[in-house]
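Student: After the sequence you'll find the predicted model.
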Amino acid sequence: MGLGDEALGVMLPALEWKKRQLRGDEVEESTKERNGHERDFANTASTILLSLCRNIATLYMGKLGWRASPLRLYLLLSGMNGIPRPGLRNVKQVEIITGTSWQSEATEYGLLNYQTYFNYVCRLPALESVVFDGVGDYEGGAQTLPQRASAIKKISITHADIPSKDLAMILQAPEQLEELTLSFGGMIYTHGESASVCPRTIGEHLSRHRETLKVLDIDIDNSIPDKNTDCEDLDSDLRSTHPINPLLCCPLSDV
């Protein structure tokens with residue numbers, strides 16, 4: 001698959017563990033060890049399925065966990081043509097819907113880093129539409145996203161909490177954006193404060209698409225900063241990006 005030795009070091013033991021389990025072999029393991037094996041197998045199976053299914057048109061993504069994993073590496077390298085047989089060549093729509101977990105209520109935002117997840121898919125050659133729904137921002141490393149190079153035509157970010165810098169990076173990526181839906185608020189943020197977005201930021205980045213935009217649906221009143229907040233402070237680091245390497249910040253063997 002071209003994911004490297006570290007990924008194989010996770011995937012092969014996970015498959016061997018599952019084979020022993022299906023054979024009915026007794027394996028002494030703690031609850032923590034079993035949970036780790038189940039997580040590694042789920043990541044491995046998902047990665048293999050994505051590599052085999054060549055005709056996926058719609059990809060639904062939930063949370064992928066906070067750890068480095070073969071699945072996250074596969075998504076990243078497929079989008080960058082960084083493996084011999086990259087998958088997801090026919091994906092036209094991606095929906096990122098975090099849902100709930102045992103730790104959260106249905107009324108709470110699901111937390112993830114917008115730039116990281118957008119980075120997984122924004123380079124896919126057939127991609128036309130990306131949807132974020134019910135997502136709250138989780139602070140993470142900045143990405144180097146493409147500028148005016150993505151094939152995406154439609155972006156929808158609804159029931160959302162998204163920082164100004166992340167929204168700006170996302171709006172910079174499409175070559176010809178035709179539809180944009182923004183709807184902020186509507187859910188509970190239990191950790192920290194809600195993010196603020198400056199209307200100027202949206203306006204400046206939408207101006208680049210003024211010749212192609214056909215649909216614009218914006219409801220951002222909930223995230224506009226008050227008069228005591230300086231938009232310059234919110235937008236000061238929009239151009240500050242770092243190399244795209246968040247998944248490799250720690251060895252796969254350490255997770």
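Tutor: Received the coordinates, thanks. A quick note: this is a predicted structure, and the numbers were derived from the prediction, not measured.
Student: Alpha carbons of stretch 33-41, as PDB, please.
Tutor: The C-alpha trace of stretch 33-41 is given here as PDB (Å, rounded to 0.1, in the frame of the first residue of the first chain):
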ATOM      1  CA  GLU A  33      -4.800  -4.000  25.600                       C
ATOM      2  CA  ARG A  34      -8.000  -5.300  24.100                       C
ATOM      3  CA  ASN A  35      -9.200  -1.800  23.400                       C
ATOM      4  CA  GLY A  36      -5.900  -0.900  21.700                       C
ATOM      5  CA  HIS A  37      -6.100  -4.000  19.500                       C
ATOM      6  CA  GLU A  38      -9.700  -3.300  18.600                       C
ATOM      7  CA  ARG A  39      -8.800   0.300  17.700                       C
ATOM      8  CA  ASP A  40      -5.900  -0.800  15.600                       C
ATOM      9  CA  PHE A  41      -8.000  -3.400  13.800                       C
END
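Student: For the helix or strand where residue 6 lies, list every residue counted as buried.
Tutor: Element membership of residue 6, judged by DSSP states H and E, is helix 5-23. The neighbour-count check on helix 5-23 (16 or more other CB atoms under 10 Å) flags 6-7, 10-11, 14, 17-18 as buried. Placement of C-beta: from N, CA and C, glycine included.
Student: looking only at pLDDT, what's the mean for the next helix or strand after it?
Tutor: Scanning forward in sequence from helix 5-23 by DSSP H and E, the next helix or strand is helix 31-52. Helix 31-52 shows a mean pLDDT of 94.
Student: in its sheet, what does the helix or strand that comes right after helix 31-52 sit against?
Tutor: As assigned by DSSP H and E, the chain's next helix or strand after helix 31-52 is strand 58-61. Strand pairing for strand 58-61, determined by DSSP bridges: strand 93-97 (parallel).
Student: Give me the distance between residue 204 and residue 168.
Tutor: 8 Å (CB to CB, to the nearest Å).
Student: who has more neighbours, those two?
Tutor: Set residue 204 next to residue 168 and count neighbours by other CB atoms under 10 Å: residue 168 wins out with 20 against 14.
Student: any idea how far residue 11 is from that one?
Tutor: Distance, residue 168 to residue 11, by CB to CB: 36 Å.
Student: what kind of secondary structure is the residue nearest to residue 39 when sequence neighbours are not counted in?
Tutor: In this structure, residue 39 finds its nearest non-sequential neighbour in residue 65, 7.4 Å apart by CB to CB, 6 or more residues apart in numbering. When classified by DSSP: H, G, I helix; E, B strand; the rest coil, residue 65 comes out as coil.
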